[in-house]
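Participant: Give me the fold of what follows.
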Amino acid sequence: MLPAELHAGAVKLSVFGYDADNTSGLRATTVPVTLHICASGFVGEDTDSPIPPTPDLYTQLLQKIGEVQHGKDGADGKDGKDGLSAYELAVENGFTGTLAEWLVSLKGKDGENGVDGKDGVNGSDGKSAYIIAVEHGFVGTATEWLESLRGADGKDGLPGKDGKNGVDGKDGITPDMSSYATKTDIAELQKQIESISGISYISVFESGSDTLQKYGDSIYTYYNDGYRSLAGFAESYPHFCSAENDYALYFNQNDFSWAGSVFVMFLTPVAITSKMKLLLSYMVGASQDAEFYLIPKTDKTGSELAQYIYEEIKAENALKLSFQWLYSDTSISVMQSLENVSDGEYYLAFQGTSDNSHPMVKSIKFMKG
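Facilitator: Purely as a prediction, here's the structure:
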């Protein structure tokens, strides 16, 4: 770099220089020189590259003078020895013991217990189980929800031990029954009454000791386990048609729990006219609507016929009779008109339920005349 007072062109200067290899002293020499000055970045006639700026001679001179006065930097010294560890320093200063003991000695005493923190803010009341059930989709009142929690009835417990035998009673007096009518006499009298009055009956079911022999294969049921003959059904559900109730059809809760529904289908067709009446003898625990059906005769038999009857009822193709159970704690007989039934051959079927009604059916007949 040249002083700003110099302009492009030829100029004569006195050049001040020194011997770079002389380290014992500084000797300056002045030489007159003619320079051709060009602006920095100027492109000369014999080259296409810009001429770079020249170093500042004054700066170089000061640098050289500094090197002569102070000398060049010396070589790096050797590394010092490693210092003592904290444990070694402790030993030099009087500590007696192993390194592990010294480390233990560094632990300070336990601090005092801190002050108890303030009580937290009371939490908000939790939701009731019923509210949570409603939020998750339950529809109904709290009472209905509580009822829904009731599980199924457990299995029957084992029979208890037999009680002790009672004391024998005194012998009774044997009555003279010779003047009383026998069962055969009563049946014969019934026939005579029917012949006189012109009334007769078609019996579909009648309870008695011979019920399972008479109707074991001609009456079928439908329950959770499918279609079963009366004989087979009575073996699986021992209180339905048993000696304890004189083989009446009993829709009890011991066999079917609460609200178990059983369809009973009579596979023997009956020729019915609108002048006939349906006569039932039964005992029932509550008055409520009953479901009795008439299904037209077909050529099917056995379990296939039972399935046909049940499917016709479910498809609403059967004729439903308007009928209601009437509460009675003793056996009663009721009569149902068939005036709206077209003449023809039909199978009878009905549904009994082990609910408040739990009917016990003793006989079913069609009355003619």
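
Participant: which residues sit in contact with the nearest residue to residue 353 once chain neighbours are set aside?
Facilitator: Nearest residue to residue 353 in three dimensions, chain neighbours excluded: residue 261, at 4.8 Å (CB to CB, 6 or more residues apart in numbering). In this view, the C-beta of every residue, glycine as well, is placed from N, C-alpha and C. Applying CB atoms under 8 Å, 6 or more residues apart in numbering, we find residue 261 in contact with 223, 351, 352, 353, 354.

Participant: cool, and residue 99?
Facilitator: Contacts for residue 99 (CB under 8 Å, 6+ apart) come out as residue 87.

Participant: any idea how far it is from residue 83?
Facilitator: 17 Å (CB to CB, to the nearest Å).

Participant: got it, and residue 351?
Facilitator: When residue 351 is compared with residue 83 (using CB to CB), they lie 104 Å apart.

Participant: Over to residue 163?
Facilitator: If you measure residue 163 against residue 83 using CB to CB, the figure is 102 Å.

Participant: which residues in the chain form strands?
Facilitator: Using DSSP state E, the strands of the chain run over 9-18, 28-37, 200-206, 219-223, 226-229, 249-250, 261-266, 270-272, 277-284, 288-296, 319-325, 328-337, 344-353, 360-368.

Participant: most tightly surrounded among the ones you listed?
Facilitator: Each of these was scored by mean neighbour count; the highest is strand 249-250, a mean of 25, by mean count of other CB atoms under 10 Å.

Participant: quick one: low-confidence ranges for the stretch 101-250 of the chain?
Facilitator: For the stretch 101-250 of the chain, the stretches flagged by pLDDT under 70 are 169, 171-183, 185-198.

Participant: So which residues of it form helices?
Facilitator: Here the stretch 101-250 of the chain has its helices, by DSSP state H, counting those that start in this stretch, at 129-135, 142-148, 183-197, 211-215, 230-236.

Participant: list the helices and strands the first one packs on?
Facilitator: When contacts are defined as 3 or more CB pairs under 8 Å, 6 or more residues apart in numbering; DSSP states H and E, helix 129-135 sits against helix 142-148.

Participant: From the chain's centroid, how far away is the helix it packs on?
Facilitator: 19 Å (CA atoms, centre = their mean, to the nearest Å).

Participant: ok, residues contacting it?
Facilitator: Against helix 142-148 from outside (CB under 8 Å, 6+ apart): 130, 133, 134, 138, 140.

Participant: Whichever of these end up buried, select them in ChimeraX.
Facilitator: This is the ChimeraX syntax for the buried subset of those, where burial follows 16 or more other CB atoms under 10 Å:
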select :130,133
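
Participant: Dump the contacts of helix 142-148 to CSV, plus distance to residue 331.
Facilitator: As requested, these are exported to CSV (distance: CB to CB, whole Å):
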residue, distance to residue 331
130, 45
133, 46
134, 48
138, 44
140, 39
